[in-house]
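S.K.: Give me the fold of what follows.
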Amino acid sequence: MKLLRIENKESGRYLKKYELVYENKAGNEKHYEIVSHHEITKPEDLGTMTSGISMVVIKDGCMLLLKEFRMGVNREIYNLCAGMIEKDETIEACIQRELYEETGLSVKRIIDILPPSFAAVSISDIKNRLVILEAEGDFSDHTSANEKIQAAFYTKKECEELLRTAEFSSRCQAMVYFFAKNAFDVLDK
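M.R.: Numbers count the residues shown, from 1 in each chain. From the prediction side, this is the model:
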């Protein structure tokens, strides 16, 4: 596959729509649509910039989940605490700001920050960093009028039940599964 050209089709406030034109293995053109948070002007720009973070947050042996209304699917789903990195903001500052804005909690300690990974490779070049941390404090609402978020901590048993009865974002579902199966017991050390 060879990328021949990139065409900016539309730019919105948060997303930009592009058409990528490839030469496929049969030598024909393949037109492919993606969205990005970033300006893409050349092939080297694709998938090089990190947009945000997603956090696995633990407190007292329980996992933080956000039950939030997501406009893109017109319903409430379970999700990880997450957000966009602002211009000139460090990862650590973004982690503290997003955790506080969405829950009122603060960071007790950052366990790990993984390298950037792609959020939805079939439709986007958007990359996020997965953060594992321990939180402290109490819940308080600092969300905007455009957000409906219910933050709560869940035990492993409660997570097992949610996995069978609730709708999730895919990354959140995977993290909840591994939490419920004791994969995060390393955090107890």
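
S.K.: Next, give phi and psi for the spatially most central residue of the chain.
M.R.: In the chain, the centroid-proximal residue (CA atoms, centre = their mean) is Ser54; its distance is 4.2 Å. According to degrees, to the nearest 10, the main-chain angles of Ser54 amount to phi -130, psi 140.

S.K.: That one against Leu80, yeah?
M.R.: Yes. Judged on CB atoms under 8 Å, Ser54 makes contact with Leu80 at a distance of 4.6 Å. Where C-beta positions appear, they are placed from N, C-alpha and C, glycine not excepted.

S.K.: Find the residues that touch each one of those two.
M.R.: Common neighbours of Ser54 and Leu80 are listed as Arg171, Cys172 (criterion: CB atoms under 8 Å, 6 or more residues apart in numbering).

S.K.: Same question for the helix ranked longest in the chain: list its buried residues.
M.R.: Counting by DSSP state H, the longest helix found in the chain is helix 91-103. Buried residues in helix 91-103, counted by 16 or more other CB atoms under 10 Å: Cys94, Ile95, Gln96, Glu98, Leu99, Tyr100, Glu101, Glu102, Thr103.

S.K.: Same check on stretch 14-34?
M.R.: For stretch 14-34, using 16+ other CB under 10 Å, the buried residues are Lys16, Tyr18, Leu20, Ile34.

S.K.: Let me know the average pLDDT across that stretch.
M.R.: Stretch 14-34 carries an average pLDDT of 95.

S.K.: and Leu114, how many neighbours does it have?
M.R.: 13 (other CB atoms under 10 Å).

S.K.: downstream neighbour of the least confident helix or strand in the chain by mean pLDDT in the secondary structure list?
M.R.: When each helix and strand of the chain is scored by mean pLDDT, DSSP states H and E, strand 2-11 comes last, with a mean of 92. Per DSSP states H and E, the first helix or strand lying C-terminal to strand 2-11 is strand 16-23.

S.K.: Quick one: distance of stretch 164-182 to the chain centre.
M.R.: How far stretch 164-182 lies from its chain's middle: 14 Å, per CA atoms, centre = their mean, to the nearest Å.

S.K.: oh, I was asking about stretch 113-123
M.R.: 8 Å.

S.K.: how about it: buried residues?
M.R.: Buried residues in stretch 113-123, counting neighbours by 16+ other CB under 10 Å, are found at Ile113, Pro116, Ala119.

S.K.: Now the terminal residues of stretch 139-156, how far apart.
M.R.: Using CA to CA, to the nearest Å, the end-to-end distance of stretch 139-156 comes to 20 Å.
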